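Asker: requesting a structural model of the entry that follows:
(one chain, ligands or ions: 2)
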Amino acid sequence: MGASSFRVALIKPSHYDADGYVIQWRRSFIPSNSLASVYGLVAECARERVLGADVNIEIETYDEWNTVINVRAVAKRIRAAGCGMVGLVGVQSNQFPRALDLGRQFRALGVPVVMGGFHISGCLAMLPALPPDIQEALDLGIHLFAGEAEGRMAEVLRDVAAGNAKPIYNYLNNMPDLAGAVLPVLPREVVLRGATEYSSFDAGRGCPFQCSFCTIINVQGRKSRYRTADDVEAIVRANAAQGITRFFVTDDNFARNRNWEAILDRLIELREREKFNIRLLFQVDTLCHRIPGFIEKAARAGCTVIFIGLENINPESLMGVKKRQNKIWEYREMLLAWRRHSVITYAGYILGFPTDTPETIARDIEIIKKELPIDIMEFLCLTPLPGSEDHKTLHAQGVPMDPDMNNYDLEHVCMAHPRMSKETWLQVYADAWTRYYSDEHIETIMRRAVASRLSRRKIRDVLTAFSGSVRIEGVHPLQLGIVRRKVRTQRRYGMPIPSPLVFYPRAIAECARAIIRWGLLWYRYHRMITRIHADPAALSYLDEALRPHSGQAEVDKLVEAFADKIPQTHGAPVRVPALG
Ligand code: B12
Ligand code: SF4
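Answerer: Numbering: from 1, shown residues only. Ligands and ions are numbered 1, 2, ... in the order given. So this is what the prediction gives:
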């Protein structure tokens, strides 16, 4: 090869807003585990000098969510090194058009590009032929990676360095074991571009369940694979050495991680004996409260927020997407179990199941507000994500789906609905946010939070973010950051670049308006929670949602509402339907 350096630029692409500008911020919130994993793998190749003893592998790492990518400067550094490549990392379907545009620019500058992530893996796993967008990437000379890169990165780097990289690397049929695998750890400066000093890691991959809207089972498999407690301790220690002790654990369902107890015990030890200030966010399923000791140990290990895939409260909808494991009659008990340990509960709710109408959705959200002690809710549109069984079925049946992958962000409507027009569905989505985050319900959530001794500061801040994200910035909270950046010239391929005289006055006005609206919202919620906390009766506040069931015979109104839809499986309540 002759070069003494091989430079790898790892970029996690963002995605485009409705006007074709890249969605990016001065600071982001949630770090990318895909980036941490791929960085870890390339860093290991650098340590092991896989390109030869005299070749230094240099790495630069960016999350486009919080960093403006200067394509020319990156390409120049790679050329100056003598050899190298750009890795487009963890590309989801909604990020594919942006990744393709970045790839197109790097290819035009003669830089080798390798792209991996769920869009490529999902399409290759489920579709009989390559879809046109992936074919376009191949035509641009972008190398594609499907499956997981643990144990395979050295091969890719060697091929690129030798100038004979394959068009497609497909490892979908051979999932690597995670025990002892390379650790996903990002350098401190990359983590600090986020606002919260959270890093992320996965303690396992794969899921045993079969939800038809899910891509994970078809990409990472239904047989779960796990890191060991030693691995997790090593991840935490490596991060702690850089001053980072907060983590988003990205397992889709940490409660089903076979090593959960050993991992939590180890984290408890680090926290209680060695005084590591660990904070954790886990994702779990709705039956986690049945696992003896799980919730108590998660809280002791530092879990302060829990994400639960509630998805829907109508059992008919849940059965329709094969989410049989969600038992609505246990929701309240499960949520109360977390609250008893002062953990904030955050639930995901999907809109647009075949039986949904604007009326049923409005009714269901009102039932949730009254009956379930959830703090944060996010709403998503049911979407046929490439890689899911739903997408494969619709594709095979030739049912029209939105051809623009940028819209597969669960905020757009990408397929027809049997009972709602596209416009109605979109309106229902917007209304769901307004309905849940009404001032009246925000006050109820805050009252419940104070009574349950949850962190007041955290509740105020997350309520501000979730209530304002769609209304102020027009993006889902999972894509939110602090102070939007719009770069005039970074517009979607084929869209015109506006004149600076038009662009800048508008961008400055938009930014100023957003900052003022955020400030006012935060202040309103701050005053609200301060007032509630000062109320002498606040600690004894009790409502229907906070009241535990008194015994076997009692069934909450949530169950009564859907009594005729609940399948009579073991443990299900037997009731006469209340609704006609
Ligand atoms: C953590 C997470 C997030 C985080 C952080 C993102 C991240 N990637 O870390 C946050 C919360 C921000 C997020 C947001 C969203 N997410 Co998300 N997320 C996940 C989750 C749970 C874990 C991701 C992860 O770390 N996986 C493990 C890594 C290691 O796997 P990987 O990315 O495939 O990377 C491996 C290989 O692909 C390969 N590889 C990847 N890149 C490269 C590059 C090169 C050069 C090479 C050689 C190899 C390679 O090697 C890696 C290591 O083995 C996944 C589900 C899952 N189980 O993966 C969903 C998932 C990726 N998310 C999904 C979605 C839809 C979203 C949202 C659009 C919607 C939403 N509201 O949730 C938003 C949009 C965000 C945006 N536009 O920026 C979908 C994507 C499906 C699809 N077809 O695109 C998934 C699969 C979940 C699902 N519902 O099916 N997400
Ligand atoms: S949606 Fe969640 S529970 Fe269902 S298969 Fe996917 S990861 Fe598993």
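Asker: the residue in the chain positioned nearest to ligand 1 bridge partners, please.
Answerer: Residue nearest to ligand 1 within the chain: residue 116 (2.4 Å; CB to the nearest ligand atom). C-betas here are computed from N, CA, C, even on glycine. Bridge pairing for residue 116 (DSSP bridges) gives the partners residue 145.
Asker: what's the separation between it and residue 218?
Answerer: Distance of residue 116 to residue 218, given as CB to CB, to the nearest Å: 16 Å.
Asker: which one's more surrounded, those two?
Answerer: When neighbours are counted by other CB atoms under 10 Å, residue 116 comes out ahead of the other of residue 116 and residue 218, with 24 against 20.
Asker: secondary structure class for the nearest residue to residue 87 once chain neighbours are set aside?
Answerer: Nearest in space to residue 87, with sequence neighbours left out and distances taken as CB to CB, 6 or more residues apart in numbering, is residue 10 at 4.7 Å. What DSSP: H, G, I helix; E, B strand; the rest coil gives for residue 10 is strand.
Asker: if I look at residue 10, how far off is residue 58?
Answerer: Where residue 58 is concerned, residue 10 sits at a distance of 11 Å (CB to CB).
Asker: more neighbours: which of the two?
Answerer: Set residue 10 next to residue 58 and count neighbours by other CB under 10 Å: residue 10 wins out with 23 against 15.
Asker: surely that one and residue 90 touch.
Answerer: No: with contacts counted by CB atoms under 8 Å, residue 10 stays clear of residue 90, the gap being 9.7 Å.
Asker: overlap of the contact sets of these two?
Answerer: Shared contacts of residue 10 and residue 90 (CB atoms under 8 Å, 6 or more residues apart in numbering): 35, 38.
Asker: where does the protein dip in pLDDT?
Answerer: Low-confidence segments of the chain (pLDDT under 70): 1-3, 322-327, 550-560, 563-580.
Asker: and the longest helix for it?
Answerer: For the chain, the helix with the greatest residue count under DSSP state H is helix 500-534.
Asker: run a quick neighbour tally on residue 466.
Answerer: Per other CB under 10 Å, the neighbour tally for residue 466 reads 23.
Asker: how about the contacts made by the residue lying closest to residue 409 once chain neighbours are set aside?
Answerer: Distance criterion CB to CB, 6+ apart; nearest residue to residue 409, sequence neighbours excluded, is residue 94 at 4.0 Å. With contact set as CB under 8 Å, 6+ apart, residue 94 has these partners: 15, 405, 406, 407, 408, 409.
Asker: then residue 233?
Answerer: The contact partners of residue 233, by CB under 8 Å, 6+ apart, come to 266, 267, 270.
Asker: the residue lying closest to residue 548 once chain neighbours are set aside: how many residues sit nearby?
Answerer: Leaving aside its chain neighbours, residue 548 sits nearest to residue 336 (5.7 Å; criterion: CB to CB, 6+ apart). Summarising burial for residue 336: neighbours were counted as other CB under 10 Å, giving 19.
Asker: right, and residue 336 touches residue 373 too?
Answerer: Yes: between residue 336 and residue 373 there is a contact at 6.2 Å, judged by CB under 8 Å.
Asker: name the residues contacting each of the two.
Answerer: Common neighbours of residue 336 and residue 373, using CB under 8 Å, 6+ apart, are residue 546.
Asker: show me the contacts of residue 233 that map onto helices.
Answerer: Within the contacts of residue 233, membership in helices is found for 266, 267, 270, as judged by DSSP H.
Asker: contact partners for the second one?
Answerer: Under the criterion of CB under 8 Å, 6+ apart, the contact list for residue 267 reads 232, 233, 236, 278, 280, 301, 302.
Asker: so whichever residue of the stretch 401-550 of the chain sits closest to ligand 2, which state does it fall into?
Answerer: Residue of the stretch 401-550 of the chain nearest ligand 2, by CB to the nearest ligand atom: residue 410 (12.4 Å). When classified by three-state DSSP, residue 410 comes out as coil.
Asker: give the contact list for it.
Answerer: Contacts of residue 410 by CB under 8 Å, 6+ apart are 380, 381, 383, 476.
Asker: quick one: which two of those are the most distant?
Answerer: Using CB to CB, the contacts of residue 410 span at most 12.0 Å, a distance reached by 383 and 476.
Asker: count the neighbours of residue 142 for me.
Answerer: Count around residue 142 with other CB under 10 Å applied: 24.
Asker: surely it meets residue 103?
Answerer: Yes: using CB under 8 Å, residue 142 and residue 103 qualify as a contacting pair, with a distance of 4.6 Å.
Asker: identify the contacts common to those two.
Answerer: The contact sets of residue 142 and residue 103 overlap at 88, 113, 115 (CB under 8 Å, 6+ apart).
Asker: OK, contacts around the last one?
Answerer: Listed by CB under 8 Å, 6+ apart, the contact partners of residue 115 are 87, 88, 91, 99, 103, 137, 142, 143, 144, 145.
Asker: if we check ligand 1, which of these are in contact?
Answerer: Among these, the ones lying near ligand 1 by CB under 6 Å from any ligand atom are 87, 145.
Asker: could I get the contacts of residue 115 as JSON lines with secondary structure?
Answerer: JSON lines is the format used below for those (three-state DSSP):
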{"residue": "87", "secondary structure": "strand"}
{"residue": "88", "secondary structure": "strand"}
{"residue": "91", "secondary structure": "coil"}
{"residue": "99", "secondary structure": "helix"}
{"residue": "103", "secondary structure": "helix"}
{"residue": "137", "secondary structure": "helix"}
{"residue": "142", "secondary structure": "coil"}
{"residue": "143", "secondary structure": "strand"}
{"residue": "144", "secondary structure": "strand"}
{"residue": "145", "secondary structure": "strand"}
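Asker: tell me what the longest helix of the chain is packed against?
Answerer: helix 439-451, helix 456-468, strand 481-485 (3 or more CB pairs under 8 Å, 6 or more residues apart in numbering; DSSP states H and E).
Asker: need these in CSV (columns: distance to ligand 2).
Answerer: Formatted as CSV, the helices and strands packed on helix 500-534 follow (distance: least, CB to the nearest ligand atom, whole Å):
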stretch, distance to ligand 2
helix 439-451, 25
helix 456-468, 21
strand 481-485, 25
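Asker: got the residues of the stretch 201-350 of the chain near ligand 1?
Answerer: Counting by CB under 6 Å from any ligand atom, the residues of the stretch 201-350 of the chain lying close to ligand 1 are 202, 214, 215, 216, 220, 250, 252.
Asker: okay, now the closest residue in space to the third one that isn't next to it in sequence: neighbour count?
Answerer: Spatial nearest neighbour of residue 215, excluding adjacent residues (CB to CB, 6+ apart): residue 387 at 3.3 Å. Residue 387 has 26 neighbouring residues, counting by other CB under 10 Å.
Asker: swap in residue 64?
Answerer: Going by other CB under 10 Å, the residues that sit close to residue 64 add up to 23.
Asker: my read: it touches residue 14, true?
Answerer: Yes: here residue 64 reaches residue 14: they are 4.1 Å apart, a contact under CB under 8 Å.
Asker: identify the contacts common to the two.
Answerer: 22, 24, 98.
Asker: pick the one among those residues closest to ligand 2.
Answerer: residue 98 (24.6 Å).
Asker: list the contacts of the closest one.
Answerer: 13, 14, 15, 16, 22, 64, 406, 492.
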